[in-house]
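> Let me see the structure of the following:
(one chain, ligands or ions: 1)
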Amino acid sequence: MGKAIGIDLGTTNSCAAIVEGGKPRVITYKGGQSTIPSVFAINEKGERLVGHDAKRQAQLNPTNTVAAAKRLIGRNYHSKTIEKVKQVFTYELVEGESNEVLIKVRDQLFTLEQISAAILRKIKEVAEEALSSEVDQAVITVPAYFNDRQRQAVRAAGKLANLKVPRVLNEPTAAALAYGLGKNLNQRVAVYDLGGGTFDISVIDIKERIFEVIATGGDTFLGGVDFDDRIMQWVLEGFQKAHGIDLSYDRVAIQRIRDAAETAKIELSSVMRTRLHIPYIAKGEEGPMLDVDVELTREKLEELSADLVDRTVQTVERIFREAGTTKQQVDEVLLVGGQSRMPLVQRRVTEFMGRPPSKGVHPDEAVGIGASIMAHSLAAAATNDDVTLLDVLPMPIGINKVDGSMHVLFHKNERLPDYKTRTLTTSKDNQRSIMLKIYQGEQNICADNELLGTFVFSNIRPAPKSKVQLEVTFHIDSEGILNLTARDKQTGQTVESTLKLGKVGEEKKKEPEKKPEAAPPVAPPMPFTMPQSTLAATTGKAEPKAEPELTKTVSRAESTLTERAEAKPTEEQAAEDAWPLAETTAAPTAEASLWDKVTGWFKGLFG
Ligand code: AMP
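You can find the predicted model right below:
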């Protein structure tokens, strides 16, 4: 049997760790480094490069070098986040058939799962070499703020890399495990995680071996790269002022400036001033090549990025409020993520909390170490010690109402695992299918949240309207991953359901003139939009077979439904009262127990 490792799949760097002889340790690579850059590239010879090799050639090959791909994983091409990154990323993003993001590298299209899998494969390979043993299992960490779709994508990447992924673990929980396990603590900690691309803050209660997340939140678009961007903008402006040349259109120059900016930023965590010297960046008007050659002080960097650090502190305040905790009730703040090494971050956190952060965790290694602890605990079954992880849902999950707003099924910070049951009723005679769109996010309007997927319940038995009632159970497991099942209440039979991730045309606003004048004579499967119709309807004749057809039909029907919503308010109003018909609050089943017990092993782990 192969070994089980923990992997911190970071935006900029990834790190792997293993528990051996009862102690966790980071797996180091040939050169002694403990992290590998999360970078993928194809060079001009067509060779695929991952990690240090890919990063090394990034400046010369920026359009075919994929960095920070974690920021894109599981996202809809039309989401605001993708719009933002398109402006700063040097590689090309392309829209996939289901609105997913694809990356074009040397004319080949890759899914985000494939890119992440390439990085995971590299980590697996390096770990196998370092351990002289096969590695076939990994607990992979994700930001606590990742939604269901992003978690699923990370799982899929693991599978593509030939790794069994027994658990996707939240990064702050992993850090808390690394900090607190085996110390018999009774503490409330806040994990402040400022990495390359994301900021997470979680409040976690540690009671000996129970790690209970009280609240979590963050900003998926705030991280080290934003600090680099600030320096980069400053360099670009300075260069334009000095030489009248705008370098922002030159991808190679941008990549070189970005690299120099990051290096300078990291240096300024330990020194007060540094120099950015990038030779031969552009051709001057008079002919000779020009260099970027500027001095950057820590003070200037702090001035350029103070608002970013302030944003993290505001998020901390908000999450504390949501957790119902005061700063005085928080015993320790753990700083993790490379960017938390910045002195300004440490100063602001100290100012806010009224005391310095803990020195008990290594900012770069804690998450990987925690993941390895979890991997080991899941792999080593038969011991008497248990680790109990109690997690919460990072963002609400819900379905759309007719006015486009979200009906929340699961609230933010609800304890996981959890489940809810709703009853759906057919609204047309012989209705054969029902479609349900599920969203996750904190905005009131569904379109502003992430579409997790579209569930289509099909082959519903023909019956007069409202004579079929489907009991739909929404189950979120302990990793925050959603599953749906449906049962015909009258017959007790399970109803077939298909999940379509990121359905066509979701985030795009439909042009009214494209809508059909009237509903087609035979209605295709229609989406469920709450509470406008009791449920989506079809006569059954238009039941599509092939998947792409289904997606198209669904998309067409959506316009029809919207049209009707405007045309027949009274009919819909009645439906509003009918929904939800029932909400079950039965006791959780064994699998849906609140206690996510993990068989532990770790007696004397920290020795
Ligand atoms: P992570 O995702 O945790 O690996 O964090 C990587 C981010 O931390 C990158 O943006 C790095 O530039 C940044 N970083 C790493 N070391 C330092 C440092 N000493 N000072 C400031 N930022 C750093």
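> For the rest of this, base every contact and every neighbour count on C-alpha atoms.
Fine.
> I'd guessed Tyr192 sits against Val333; true?
Yes - contact criterion CA atoms under 8 Å: Tyr192 and Val333 qualify, at 6.8 Å.
> just checking, what packs against the strand or helix carrying Leu452?
Assigned by DSSP states H and E, Leu452 belongs to strand 450-458. Applying 3 or more CA pairs under 8 Å, 6 or more residues apart in numbering; DSSP states H and E, one finds that strand 450-458 makes contact with strand 434-440, strand 494-500.
> Just name the most buried of those strands.
strand 434-440 (a mean of 25; mean count of other CA atoms under 10 Å).
> looking only at pLDDT, what's the mean for that strand?
Mean pLDDT, strand 434-440: 89.
> what do you get for stretch 182-201?
Confidence over stretch 182-201, taken as the mean pLDDT, stands at 92.
> Give the buried residues for it.
Using 16 or more other CA atoms under 10 Å as the test for burial, stretch 182-201 gives 182, 187-201.
> now the end-to-end length of that stretch.
Its start and end residues considered, stretch 182-201 measures 23 Å (CA to CA, to the nearest Å).
> how close does Gln233 get to Leu194?
According to CA to CA, Gln233 and Leu194 sit 21 Å apart.
> which residues sit against stretch 476-483?
Around stretch 476-483, the neighbours that count as contacts under CA atoms under 8 Å, 6 or more residues apart in numbering are 147-149, 151-152, 167-169, 390-393, 416-419, 474-475, 592, 596.
> Would you mind listing the residues in contact with the spatially closest residue to Arg273 that is not a sequence neighbour?
With sequence-adjacent residues excluded and distances taken as CA to CA, 6 or more residues apart in numbering, Arg273 is closest to Thr297, at 4.1 Å. Going by CA under 8 Å, 6+ apart, Thr297 touches Leu268, Met272, Arg273, Thr274.
> for the record, mean pLDDT for the host helix or strand of the last one?
Read it as Thr274. Secondary-structure assignment from DSSP H and E places Thr274 in strand 273-283. Here strand 273-283 scores 94 as its mean pLDDT.
> Is the ligand within reach of it?
No - contact between strand 273-283 and the ligand is absent, the nearest approach being 13.2 Å (criterion: CA under 6 Å from any ligand atom).
> Indicate each strand paired with that strand and its parallel or antiparallel sense.
Within its sheet, strand 273-283 is paired with strand 289-297 (antiparallel), according to DSSP bridges.
> Off-centre distance for the partner strand?
37 Å (CA atoms, centre = their mean, to the nearest Å).
> Check which residues of the next helix or strand after it are buried.
Once the chain leaves strand 289-297, the next helix or strand it forms, by DSSP H and E, is helix 298-323. By 16+ other CA under 10 Å, the buried positions in helix 298-323 come out as 298, 301-302, 304-305, 308-309, 312-313, 315-320, 322-323.
> repeat for stretch 322-333
Judged by neighbour count (16+ other CA under 10 Å), stretch 322-333 contains these buried residues: Glu322, Ala323, Thr325, Lys327, Val330, Asp331, Glu332, Val333.
> For the protein, just list every one of the helices.
Counting by DSSP state H, the segments of the chain that form helices are 52-56, 80-88, 112-131, 148-160, 171-180, 224-243, 251-267, 298-323, 343-353, 366-379, 547-567, 569-578.
> Quick one: closest of those to Lys465.
Among those, the nearest to Lys465 by CA to CA is helix 569-578 (12.4 Å).
> quick check: mean pLDDT across that closest one?
Here helix 569-578 scores 28 as its mean pLDDT.
> Contacts only, for the residue nearest to the spatial centre of the chain.
Residue closest to the mean C-alpha point of the chain, counted by CA atoms, centre = their mean, is Phe146 at 2.9 Å. The contact partners of Phe146, by CA under 8 Å, 6+ apart, come to Thr220, Pro394.
> Please apply the same query to Asp364.
Contacts of Asp364 (CA under 8 Å, 6+ apart): Val336, Gly337, Gly338.
> which residue packs closest to the first one, ignoring adjacent ones?
Ranked by CA to CA, 6+ apart and with sequence neighbours excluded, the top spatial neighbour of Val336 is Pro363, at 4.0 Å.
> So what pairs up with the residue lying closest to His362 once chain neighbours are set aside in the strands?
Distances taken as CA to CA, 6+ apart put Val336 closest to His362, at 7.1 Å, once the chain neighbours are dropped. In this entry, Val336 is beta-bridged to Asp193, by DSSP bridges.
> quick one, what contacts Val336?
Contacts of Val336 by CA under 8 Å, 6+ apart are Ala175, Val191, Tyr192, Asp193, Leu194, Gly195, Val361, His362, Pro363, Asp364, Ala366, Val367.
> Out of the contacts of Thr297, who's the most crowded?
With neighbours taken as other CA atoms under 10 Å, the top of the contacts of Thr297 is Leu268, carrying 20 neighbours.
> got the contact list for the residue lying closest to that one once chain neighbours are set aside?
Excluding the flanking residues, the one nearest Leu268 by CA to CA, 6+ apart is Arg298, at 5.5 Å. Applying CA under 8 Å, 6+ apart to Arg298 gives the contacts Leu268, Ser269, Val271, Met272, Arg273.
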